[in-house]
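1. Have a look at this prediction, sequence included:
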Amino acid sequence: MSNEGIQTDFPQRLKADRLDLLSLKQELLLRHQLAEWRFFPPPEDIVREILRLSDKLVDNHLDYETAQEEDELEGEEINELADKDPGWFREVFNEVSEILFHGSKESQREDFGNGTESISYYQSLVGERIYNHLARLCRSAYAKQGGSFSIREELTGEIAGKIGMGLYLRLDQNDDLRQECDRALVYLALSFQNWLIERKEVYVAPWGIICTPDTSETQPHLLGQPRLIMTLDVKEFVTETMGSAGQSG
């Protein structure tokens, strides 16, 4: 190839290299932006525990309701019902569940055990419920006045009913099961808190900014925007809970 051909081809190759570099930069920026937008991903082990406990809470509730119904029925009525269908309450509940949730409880368990696709769905679902809960808090009058919310409260008892664990709040709930649920929810809250700390205590959502009291005061650019101020108080709560358990023992 002549020197003239090389000189002619060089600008074209340089231009192509620049375009490739620009595309790479744009891709990296896009990936970075997507990572910034990504909301808290609930850990897989915690989501599995939430699903297990939710299932356990339903079974426990059904047993309780069945016992209550049996106590209310008089002798002949309950004997007649038992002869016809001993698990009548549970069967009716399962039929209703199949209509509402597009599949029986047993088939859902089978699907859940077949791979990681189901657990990814439930991770997204739990994350979405938390996201929507925090969005509602951000729109509250208390948040607009600059009030702060406790992570340990909002991501435990306040979120329980929205992620399938509302039954654990019943006053007549079994103490051991209640403690299991408390533990799972506390570690869900702790995981969220750690995620927020890793993000330098700021997350920008379309509806507002999740931040801590410190970042809210030290970063002026956050002022004038809808803010959800959340207190990093889960570790203190865990320590207090463990201390109380030790004293009671």
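-> Structure received. The model shown is predicted, which means the values in this text are computed figures rather than measured ones.
2. If you tally nearby residues, what's the number for the residue nearest to residue 205 when sequence neighbours are not counted?
-> Leaving aside its sequence neighbours, residue 205 sits nearest to residue 135 (CB to CB, 6 or more residues apart in numbering; 7.0 Å). C-betas here are computed from N, CA, C, even on glycine. Look at residue 135: counted by other CB atoms under 10 Å, it has 16 neighbours.
3. Next, the buried residues of the host helix or strand of residue 135.
-> Per DSSP states H and E: residue 135 is located in helix 117-138. Judged by neighbour count using 16 or more other CB atoms under 10 Å, the buried positions of helix 117-138 are 119, 122-123, 126-127, 129-130, 133-135, 137-138.
4. helices or strands next to that helix in the packing?
-> Applying 3 or more CB pairs under 8 Å, 6 or more residues apart in numbering; DSSP states H and E, one finds that helix 117-138 contacts helix 44-72, helix 105-112, helix 151-154, helix 157-160, strand 202-205, strand 208-211, strand 227-231.
5. redo that, cut-off 6 Å
-> helix 44-72, strand 227-231 (3 or more CB pairs under 6 Å, 6 or more residues apart in numbering; DSSP states H and E).
6. So what touches the next helix or strand after that helix?
-> Scanning forward in sequence from helix 117-138 by DSSP H and E, the next helix or strand is helix 141-144. Here helix 141-144 makes contact (CB atoms under 6 Å, 6 or more residues apart in numbering) with 137, 228.
7. ok, now with 10 Å
-> Helix 141-144 is contacted by residues 134, 136-138, 147-149, 208, 226-229 when judged by CB atoms under 10 Å, 6 or more residues apart in numbering.
8. So the residue nearest to residue 205 sits against residue 228, correct?
-> Yes. Applying CB atoms under 10 Å, one finds residue 135 in contact with residue 228, separated by 8.2 Å.
9. For those two, list the residues in contact with both.
-> 205, 207-208, 210.
10. Among those, name the buried ones.
-> Using 16+ other CB under 10 Å, the buried ones in the shared contacts of residue 135 and residue 228 are 208, 210.
11. can I get the shared contacts of residue 135 and residue 228 in a markdown table with pLDDT?
-> What follows is these, written out as a markdown table (pLDDT from 0 to 100):
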| residue | pLDDT |
| --- | --- |
| 205 | 91 |
| 207 | 92 |
| 208 | 92 |
| 210 | 95 |
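12. can you tell me which two in the shared contacts of residue 135 and residue 228 are farthest apart?
-> 207 and 210 (9.8 Å; CB to CB).
13. Could you pull out the residues contacting both of those two?
-> In contact with both residue 207 and residue 210: 131, 134-135, 138, 228, using CB under 10 Å, 6+ apart.
14. Any stretches of this structure with poor pLDDT?
-> The model of the chain has pLDDT under 70 over residues 1-37, 64-65, 67-117, 220-222, 236-249.
15. The same query, at a cut-off of 80, please.
-> Scanning the chain for pLDDT under 80 picks out the ranges 1-37, 63-117, 216-224, 236-249.
16. ok, now how distant is residue 163 from residue 131?
-> For residue 163, the distance to residue 131 equals 12 Å [CB to CB, to the nearest Å].
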